[in-house]
Each structure stands twice: as structure tokens, then as C-alpha cells.
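In: Return a 3D structure for these sequence lines:
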Amino acid sequence: MLRPNLTGRSMLRPLRSITMARVWVFGPDVNTDQIVPGRYAPYMLKNEADLRKYPFVEARPDFAAQVQPGDVIVADKNFGCGSSREYAPLALKMVGIGAIVAPLFARIFFRNALNLGIPCFEADLTQQLGDGELVELNVAAGLITREDGSRIELPEPPTFLREVWAAGGIVPFYRAHRRFPGES
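Out: Below you'll find the predicted structure:
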């Protein structure tokens, strides 16, 4: 069975500045079946690591082959709606998504992404950033810098979110601190 990275080390160096990240723009109501169709669930694959081949395999067939670590998904409202497929955000982590920005996330997707250490920012940038645009993402500062030097400030997330992102997910956070965020 495919398991998230529980070593305490993030698949990406957490909360770093990512230069020249590609923006992938998606519309509203992207559901988990569009992110990874059920027939590509880890338990359906011969090699579970192949999950990285299937994000958006039908909705955007070029995605898995072209996405690079640090790339940013910018979507319209209700990203991650539908079933609670935990492997949908896991597939995005496996390909190295640096952050997801949407005005509204499905609650269970947001929680699964947090558990895996994927930064999710609530903001509507679908009209400000273009598909394929190259940007610099600074997760720690909550800042996207465009090639022309203009900057887009992202809403500041609560401290506990930033702490979990920095640890690489909730399990690595717990292992490092022997507590959950917000506990003394």
C-alpha cells in the first residue's frame, strides 16, 4: 500500500521560495475523481508509486508529464470536491505541487492536503494569473512574484497551518513535537 511520506522529511523542502514555478489554472468544482480517477487508486495499480502518473490524467492529460516540483495550481472555487479520496492530494504531493490556491476548498480535501503538508491558500487568482505563466512562489511569505516583478500577496494562514507545512505534514509535525498543533 502506498503511504505518505512519514519520515519527518518533506518531499519538497518546506516553506522555501520556489523560483520559476509554472501556474496550472483550473476552473471551478474540480473534484477528486478529476484529480485521480478511481481506477488509478493505489490499490488498483501494480506499482503504487505509479500514482504520480495519474493526476488529471483525463481532465488534463499533459499535466503529469509536464508538471515540475514547485509548480502551483490556481483554481476556481470548490477545489477537491467529491469523494474523500486521500490519494488525490497524495498524487499531487508525489509530483511535487508547491501550493494550491483557490477561493474555496472542499473541507476534506483541505484537511487531507494539510495532513500531507501541501500548502493551500484561499484566494481567487484565476483572473490574475494565466495558465502556464511562470512565477516565484514564497510559501513562508505568502507571496507570488510574477516575471514582470509584480507581486501578489496571499492571505496569511494561521500559525498552525504554517507549522504543519514546515514539518512536511501532520505526522512529521507530531513526531517532531510530540503534540498536535494548538496543544501545549
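
In: where do the helices sit along the protein?
Out: 32-35, 63-66, 87-94, 107-116, 159-167, 170-177 (DSSP state H).

In: most neighbours per residue, which of the ones you listed?
Out: helix 87-94 (a mean of 25; mean count of other C-beta atoms under 10 Å). Any C-beta I mention is one placed from the backbone N, CA and C, and that applies to glycine too.

In: For Met44, which non-adjacent residue is spatially closest?
Out: Ranked by C-beta to C-beta, 6 or more residues apart in numbering and with sequence neighbours excluded, the top spatial neighbour of Met44 is Gly38, at 7.7 Å.

In: Test my guess that the one you found contacts Ala88.
Out: No - with contacts counted by C-beta atoms under 8 Å, Gly38 stays clear of Ala88, the gap being 10.1 Å.

In: now the strands: where do they sit in the protein?
Out: 17-26, 72-75, 99-102, 120-122, 134-138, 143-146, 151-153 (DSSP state E).

In: Can you list the helices and strands that the first one packs against?
Out: Judged by 3 or more C-beta pairs under 8 Å, 6 or more residues apart in numbering; DSSP states H and E, strand 17-26 is in contact with strand 72-75, strand 134-138.
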